[in-house]
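Student: Quick one, structure for this:
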Amino acid sequence: MLTKEETWARLRAFHVVYGEMPKGKWDIGGLGAAQDDMSGYDLKGADFSGAYLGCGNFSGALLNNAIFSGAELYEAKFIETNLSEANLSRAALHEANLSLANLSDANLTYAFFNNANLGTANLNGANLQGSILEEVNLNRANLSGADITGSTFWGVSTSGWKIDGIKAEYVYFCRSEELEKERYKRIFHEGQFEALFKSLPTVELIFIEGLSPTSLFTLSMIIEKIGLQNPSLGVKMADVRKNEFETRIGVKIDKDEHLIEVGQLIHEAMDQAIRAIPANIFPSNFPEALEKLPHKHHSAIVVNMVQPTFQFIKADGSTLSGTISQVGTTQSSTVVIIKNYAVHKEEVDSLFRNLKDSFSDYEVSMRSALTEATDRLIEAIRKGKEINTIQERWEEIKEGLKTGGAAVTIAATIGRLLGLM
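Tutor: Residues are numbered from 1 along each chain as shown. Reported below is the predicted structural model:
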């Protein structure tokens with residue numbers, strides 16, 4: 001382990017700080033931001049405890065056994081950083097990016113991960129007791145053997161996460177500021193959390209223009225009926241998520257190899273529902289209002305519902321490169337987006353220009369990041385890059401946009417025209 005003095009000397013040797021070591025609290029926000037990353041920088045055992053390191057860039061650094069306890073790490077970057085056995089107890093990691101980081105056996109007790117990105121991070125054996133995980137990306141993260149007892153979960157994305165042997169005696173499912181947290185405390189027996197929340201193959205239905213309550217109810221009945229008619233597939237509606245861009249419906253199934261089959265079944269059932277729904281799809285306790293209708297109307301109910309875009313997510317969090325078209329055939333998602341761009345090229349190009357102009361409402365660093373992400377998205381579409389590349393660029397833009405405003409409206413229109421998810 002390095003002392004504070006040794007840590008400062010090491011930072012000076014790497015030319016990321018200058019001058020004498022500060023007395024008292026270190027205020028070195030933006031540390032490493034001038035570099036593309038800190039790949040190869042050996043800071044094993046460094047002591048950053050209690051320091052302010054907001055917007056710092058530690059990406060690629062060797063920080064095994066480093067101490068960040070009580071540090072302020074707002075918007076810091078630790079992409080592909082080795083933090084194995086590091087101490088980040090009570091660290092504030094608001095909007096920090098720890099994607100692909102190695103946090104195995106790290107001490108993350110009472111750490112605050114608000115809007116943080118832990119996608120594909122290795123948290124094997126990490127201690128997250130009492131931590132705050134609010135609006136956090138844990139997609140494809142490995143939490144096998146981790147301990148999340150007493151942590152707070154809210155709005156956490158867990159597609160493809162691995163939780164073999166995870167420890168969770170109890171978890172709070174509420175926002176961190178909830179005053180009556182005990183009401184949201186859930187106690188788990190050994191292995192119960194893993195059994196309930198392990199990642200399963202998912203068919204995602206994405207409605208760019210949203211979904212009305214009537215359509216949502218109808219869709220839930222369709223999915224329930226498919227599950228009853230095909231018990232071997234394990235079909236069940238799992239979650240509903242809505243934001244400024246879309247409404248997403250998650251349908252869980254048992255095996256990866258059944259993803260396309262279930263997507264086709266849902267597509268066909270919805271296609272029938274758009275024309276007219278057989279009344280017998282609804283349960284016997286359907287609202288009494290139906291019984292008050294004249295008998296001749298009971299044979300079918302017309303619902304205003306459009307076909308969604310389908311996304312197929314395997315149990316490991318990877319996506320199948322395919323989407324179900326309006327005629328029910330499976331096509332490459334890349335092909336669909338490229339075709340949509342060709343059809344709406346003039347309008348979409350104009351919208352992209354308007355989108356970049358709308359970034360003037362943002363502060364300089366965010367405006368620059370959003371403009372760069374937009375240019376990379378345009379390039380990816382025009383060059384026909386793989387769907388994963390296009391989708392990554394699109395996610396960068398969506399994550400950076402504020403709620404409401406012109407930029408969100410323009411981006412939503414682009415997504416609808418291109419079929420972006």
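Student: Buried residues of the lengthiest helix in the chain, list them for me.
Tutor: Ranked by residue count under DSSP state H, the longest helix found in the chain is helix 364-382. Counting neighbours by 16 or more other C-beta atoms under 10 Å, one finds that the buried residues in helix 364-382 are 367, 369-371, 373-374, 376-378, 380-381. Where C-beta positions appear, they are placed from N, C-alpha and C, glycine not excepted.
Student: ranges for the helices of the stretch 51-200 of the chain?
Tutor: Under the criterion DSSP state H, counting those that start in this stretch, helices of the stretch 51-200 of the chain are mapped to 192-197.
Student: just the strands in it please.
Tutor: Taking DSSP state E, counting those that start in this stretch as the test, the strands found in the stretch 51-200 of the chain are 112-114, 132-134, 152-154, 170-172, 185-187.
Student: Pipe those into JSON lines and attach distance to residue 241 per row.
Tutor: Shown next, in JSON lines, are the strands of the stretch 51-200 of the chain (distance: least, C-beta to C-beta, whole Å):
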{"stretch": "strand 112-114", "distance to residue 241": "18"}
{"stretch": "strand 132-134", "distance to residue 241": "15"}
{"stretch": "strand 152-154", "distance to residue 241": "13"}
{"stretch": "strand 170-172", "distance to residue 241": "20"}
{"stretch": "strand 185-187", "distance to residue 241": "20"}
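Student: Could you check the ones you listed and tell me which one is nearest residue 307?
Tutor: strand 152-154 (31.7 Å; C-beta to C-beta).
Student: that older thread, of the strands of the stretch 51-200 of the chain, which is nearest residue 216?
Tutor: Closest to residue 216 of the strands of the stretch 51-200 of the chain, according to C-beta to C-beta: strand 152-154, at 22.1 Å.
Student: What does the residue nearest to residue 249 when sequence neighbours are not counted show for phi and psi?
Tutor: Nearest non-adjacent residue to residue 249, counting by C-beta to C-beta, 6 or more residues apart in numbering: residue 205, 4.2 Å away. Dihedral pair for residue 205: phi -110, psi 120, per degrees, to the nearest 10.
Student: Which secondary structure element of the chain has the lowest mean pLDDT?
Tutor: Within the chain, no helix or strand scores below strand 300-301, which has a mean of 44 by mean pLDDT, DSSP states H and E.
Student: Summarise which helices and strands the next helix or strand after that one is packed against.
Tutor: Sequence order places strand 309-313 as the next helix or strand after strand 300-301, per DSSP states H and E. Judged by 3 or more C-beta pairs under 8 Å, 6 or more residues apart in numbering; DSSP states H and E, strand 309-313 is in contact with strand 202-207, helix 259-275, strand 319-320, strand 323-324.
Student: can you redo the ones you listed as a markdown table with distance to residue 53 and mean pLDDT?
Tutor: Putting the helices and strands packed on strand 309-313 into a markdown table (distance: least, C-beta to C-beta, whole Å; pLDDT from 0 to 100) gives the following:
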| stretch | distance to residue 53 | mean pLDDT |
| --- | --- | --- |
| strand 202-207 | 36 | 87 |
| helix 259-275 | 42 | 84 |
| strand 319-320 | 34 | 66 |
| strand 323-324 | 42 | 52 |
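Student: Turn these into CSV, including distance to residue 142.
Tutor: Shown next, in CSV, are the helices and strands packed on strand 309-313 (distance: least, C-beta to C-beta, whole Å):
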stretch, distance to residue 142
strand 202-207, 18
helix 259-275, 22
strand 319-320, 18
strand 323-324, 28
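Student: what domains does the record give for this protein?
Tutor: Using automatic domain parsing, the domain ranges for the chain come out as 1-198, 202-288+296-331, 335-418.
Student: quick one on the thing from earlier: how far out from the middle of the chain is the longest helix of the chain?
Tutor: Put simply, helix 364-382 sits 20 Å off its chain's centre (C-alpha atoms, centre = their mean, to the nearest Å).
Student: The very next helix or strand once past that helix: which residues count as buried?
Tutor: Proceeding N to C from helix 364-382, the next assigned helix or strand is helix 387-400, under DSSP H and E. Residues of helix 387-400 classed as buried under the neighbour-count rule (16+ other C-beta under 10 Å) are 387, 389-391, 393-398, 400.
Student: go on, stretch 405-421?
Tutor: For stretch 405-421, the buried set under the neighbour-count rule, 16+ other C-beta under 10 Å, comprises 407-408, 410-421.
Student: Of all pairs in those residues, which one is the farthest apart?
Tutor: 407 and 419 (19.8 Å).
Student: which one of the buried residues of helix 364-382 sits closest to residue 264?
Tutor: residue 381 (27.2 Å).
Student: Verify the contact between that closest one and residue 340 for me.
Tutor: No: the criterion here is C-beta atoms under 8 Å, and residue 381 misses it with residue 340 at 9.4 Å.
Student: shared neighbours of the two, anything?
Tutor: By the contact definition C-beta atoms under 8 Å, 6 or more residues apart in numbering, residue 381 and residue 340 are jointly contacted by residue 418.
Student: distance between the ends of stretch 29-37?
Tutor: One end of stretch 29-37 sits 15 Å from the other (C-alpha to C-alpha, to the nearest Å).
Student: go on, stretch 70-87?
Tutor: 9 Å.
Student: Can you give the distance from that stretch to the centre of its chain?
Tutor: Remark: stretch 70-87 is offset 19 Å from the chain centroid, using C-alpha atoms, centre = their mean.
Student: Also stretch 248-262?
Tutor: 18 Å.
Student: hey, C-alpha coordinates of it in PDB?
Tutor: Taking Å, rounded to 0.1, in the frame of the first residue of the first chain, the C-alpha atoms of stretch 248-262 are listed here in PDB:
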ATOM      1  CA  ARG A 248     -40.600  -1.400 -23.800                       C
ATOM      2  CA  ILE A 249     -42.300  -4.600 -22.800                       C
ATOM      3  CA  GLY A 250     -40.100  -7.500 -21.600                       C
ATOM      4  CA  VAL A 251     -41.300 -11.100 -22.200                       C
ATOM      5  CA  LYS A 252     -39.100 -13.700 -20.400                       C
ATOM      6  CA  ILE A 253     -38.800 -17.300 -21.700                       C
ATOM      7  CA  ASP A 254     -36.800 -20.400 -20.700                       C
ATOM      8  CA  LYS A 255     -34.300 -21.000 -23.500                       C
ATOM      9  CA  ASP A 256     -32.400 -18.900 -26.000                       C
ATOM     10  CA  GLU A 257     -33.400 -21.200 -28.900                       C
ATOM     11  CA  HIS A 258     -37.000 -20.200 -28.500                       C
ATOM     12  CA  LEU A 259     -36.600 -16.500 -28.800                       C
ATOM     13  CA  ILE A 260     -37.500 -16.100 -32.500                       C
ATOM     14  CA  GLU A 261     -40.400 -18.600 -32.200                       C
ATOM     15  CA  VAL A 262     -41.900 -16.700 -29.300                       C
END
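Student: Kind regards, and thank you for your time.
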